[in-house]
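# pasted the sequence and its predicted model underneath.
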Amino acid sequence: MFRIPLALLLVAVLAPLTSTGQVGVPARGVQPTPPVRARTQRPADLQQDYHRAARAWRAGTNLDEARARLDRVLVRLPGDVDALRLRTRVLLDQGRAVSALDDAKRLILLDPDEASTWLLGAEAWLAAGSPDSAAAALSSAASRVGNRSDEHLQLSWLAERLGRFDEAETYARVGLAVAPDRPAAISRLAHVFMAQGRSGDAATLLARALDRGVFRKSLVTEDPALASLERHPVLAGRF
């Protein structure tokens, strides 16, 4: 697996943090649910801000409100890693890649042992236009990932965006093995197959999932990357 020396990655993490500028972020991949545990003991008002921010982020209805609430939490509790992690996600969804990277770097310093920390770092570096640092963070995440399907699917999505298709397939297969009936895992492996030009493998995978009743037809027809498979011979008679 491609790796960048740890010393170089630490230089990137410890580089001066900036808070200006934005870089557009394309549609994000599989999004793990943000942690709801509080490693930092929050006063009641900040606890309320955190949970309301989490609800707003999940709903996608008011990211500005979510960020403002998280800003209040982090002004008073700058070491609150869950709030920092969630604000990084919010900033990524807002397309504020540079600010998200600032938060991701701080999170790496505060909570370096969590795979999700490095996954966020990889996503933020990639969004900010630093694929080498993103690749290094991806490797760090892979070395820490446990047995959670969503983390393997996120690894796969990031690896695909970096053009590392063999790794993307491996991670997707692990995510599917952990949760064989999970639609997101089936879709992720199908996406990798399509990116590799293996439409037959993608169609076969989806045909089996459709026949088992664990995958909806709309997940094919409404997905731009998979919609063309509706006409594939392997899927004949299923649409």
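Yep, it's here.

# tell me the pLDDT at the closest residue to V234 other than its chain neighbours?
Excluding its sequence neighbours, the residue lying closest to V234 (CB to CB, 6 or more residues apart in numbering) is A203, at 3.9 Å. C-betas here are computed from N, CA, C, even on glycine. You'll see A203 listed with a pLDDT of 98.

# swap in P34?
44.

# before we move on, what about the one 4 residues further on?
In the prediction, the pLDDT value recorded for A38 is 44.

# so G146 touches S116, yeah?
No. Using CB atoms under 8 Å, G146 makes no contact with S116, being 10.1 Å away.

# longest helix of this structure, counting residues only.
helix 44-59 (DSSP state H).

# hmm, who's touching that helix?
Helix 44-59 has contacts (CB atoms under 8 Å, 6 or more residues apart in numbering) with 33-34, 36, 38, 42, 62-63, 65-67, 69-70, 72-73, 76-77, 80, 82-83, 86, 89-90, 93.

# which of those are buried?
Among those, the ones that count as buried by 16 or more other CB atoms under 10 Å are 34, 38, 42, 63, 65-67, 69-70, 72-73, 77, 80, 82-83, 86, 89-90, 93.

# in strands, which of the residues you listed fall?
Among these, no member falls in strands (DSSP state E).

# tell me how many other residues surround V220.
The number of residues packed near V220 is 25, by other CB atoms under 10 Å.

# so what's the backbone phi/psi at it?
phi -90, psi -50 (degrees, to the nearest 10).

# name the nearest residue to it, ignoring sequence neighbours.
L226 (4.9 Å).

# from A195, how far out is that neighbour?
11 Å (CB to CB, to the nearest Å).

# which of these two has more neighbours?
Applying other CB under 10 Å to L226 and A195 shows that L226 carries more neighbours, namely 21 against 16.

# what's the following helix or strand after the helix or strand hosting E169?
Here E169 is covered by helix 165-178, with elements defined by DSSP states H and E. Sequence order places helix 183-195 as the next helix or strand after helix 165-178, per DSSP H and E.

# hmm, L229 is touching L206, no?
Yes. Using CB under 8 Å, L229 is in contact with L206, at 6.3 Å.

# what is in contact with those two at once?
190, 220, 235.

# where does the last one land on pLDDT?
It stands for L235. So, for L235, pLDDT stands at 95.

# for it, list the residues it contacts.
203, 206-207, 210, 220, 229.

# now the residues you listed as JSON lines including distance to I186 and secondary structure?
Listed next are these as JSON lines, based on distance: CB to CB, whole Å; DSSP: H, G, I helix; E, B strand; the rest coil:
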{"residue": "A203", "distance to I186": "12", "secondary structure": "helix"}
{"residue": "L206", "distance to I186": "7", "secondary structure": "helix"}
{"residue": "A207", "distance to I186": "11", "secondary structure": "helix"}
{"residue": "L210", "distance to I186": "10", "secondary structure": "helix"}
{"residue": "V220", "distance to I186": "10", "secondary structure": "helix"}
{"residue": "L229", "distance to I186": "12", "secondary structure": "helix"}
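
# could I get the average pLDDT for the helix holding E169?
What helix 165-178 shows for mean pLDDT is 97.

# got the buried residues for it?
165, 167-176, 178.

# sketch out the low-pLDDT regions of this structure for me.
Within the chain, the stretches with pLDDT under 70 are 1-39.

# can I see the domain layout of it?
As given by automatic domain parsing, the domain ranges for the chain are 24-131, 145-239.

# how far off centre is the longest one?
Pointing back at domain 24-131 there. Centre-to-centre, domain 24-131 and its host chain are 12 Å apart (CA atoms, centre = their mean, to the nearest Å).

# and the helices in the chain?
Under DSSP H, the chain gives helices at 6-14, 44-59, 63-76, 81-93, 97-110, 115-127, 131-142, 149-161, 165-178, 183-195, 199-211, 218-221.
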